[in-house]
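Peer 1: My questions are about this predicted structure, shown below with the sequence.
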Amino acid sequence: MTDHHARPDDNPLQLIAQKERELEGVLERTRQEGAGLVEAAGREAEAALARAREEAAALAQSSAAQAEREAKEISNEVVGRARAEAEALSARAEERMAEAVKLVVERVVGGAQ
């Protein structure tokens, strides 16, 4: 016969049930900790992504500014060369203007006589 006055700790089924409850508690805490870790990792990933986007935007802005400076330098060089060529052509044209006028006058006056 069984002793109805036995302590609950001595009953193997009750011990198993108690251990199951303890393990369920441990499992629930572990799940919560895991969810917290996943959430924290997600926040860290979002922060890293935001930093990467900011760095990429800064780099793009820096690159665009550098490209603009280089384009201005090239433009200034091209305009400078074009001005120099125009001035040289103008100087040559001016040098030859007297000769051209003389030639036109001779042809016009020479043809009129």
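Peer 2: Right, received. Where do you want to start? Residues are numbered from 1 along each chain as shown.
Peer 1: Please state the offset of whichever helix or strand residue 30 is part of from the chain centre?
Peer 2: Element membership for residue 30, per DSSP states H and E: helix 12-112. With Cα atoms, centre = their mean, to the nearest Å as the basis, helix 12-112 stands 7 Å off its chain's centre.
Peer 1: pLDDT averaged over that helix - what is it?
Peer 2: Averaged across helix 12-112, pLDDT comes to 93.
Peer 1: Counting by contacts, list what it packs against.
Peer 2: Counting contacts by 3 or more Cβ pairs under 8 Å, 6 or more residues apart in numbering; DSSP states H and E, helix 12-112 packs against no other helix or strand. No exception for glycine: its C-beta is placed from N, CA and C like everyone else's.
Peer 1: please renumber so the chain begins at 16
Peer 2: Okay, using 16 as the starting number, the last item reads as helix 27-127.
Peer 1: who's in contact with residue 89?
Peer 2: By Cβ atoms under 8 Å, 6 or more residues apart in numbering, no residues touch residue 89.
Peer 1: Could you report the distance from it to residue 70?
Peer 2: Going from residue 89 to residue 70 by Cβ to Cβ, to the nearest Å gives 28 Å.
Peer 1: With residue 125 instead?
Peer 2: Counting by Cβ to Cβ, the separation of residue 125 from residue 70 is 79 Å.
Peer 1: measure the most centrally placed residue in the chain to residue 31 for me?
Peer 2: Nearest to the mean C-alpha position of the chain, by Cα atoms, centre = their mean, lies residue 71 at 2.4 Å. Computed with Cβ to Cβ, the distance linking residue 71 and residue 31 is 58 Å.
Peer 1: Also residue 52?
Peer 2: For residue 52, the distance to residue 31 - Cβ to Cβ - is 31 Å.
Peer 1: for residue 120, same thing?
Peer 2: Going from residue 120 to residue 31 by Cβ to Cβ gives 129 Å.
Peer 1: same thing with residue 56?
Peer 2: Distance of residue 56 to residue 31, computed by Cβ to Cβ: 36 Å.
Peer 1: likewise residue 107?
Peer 2: 111 Å.
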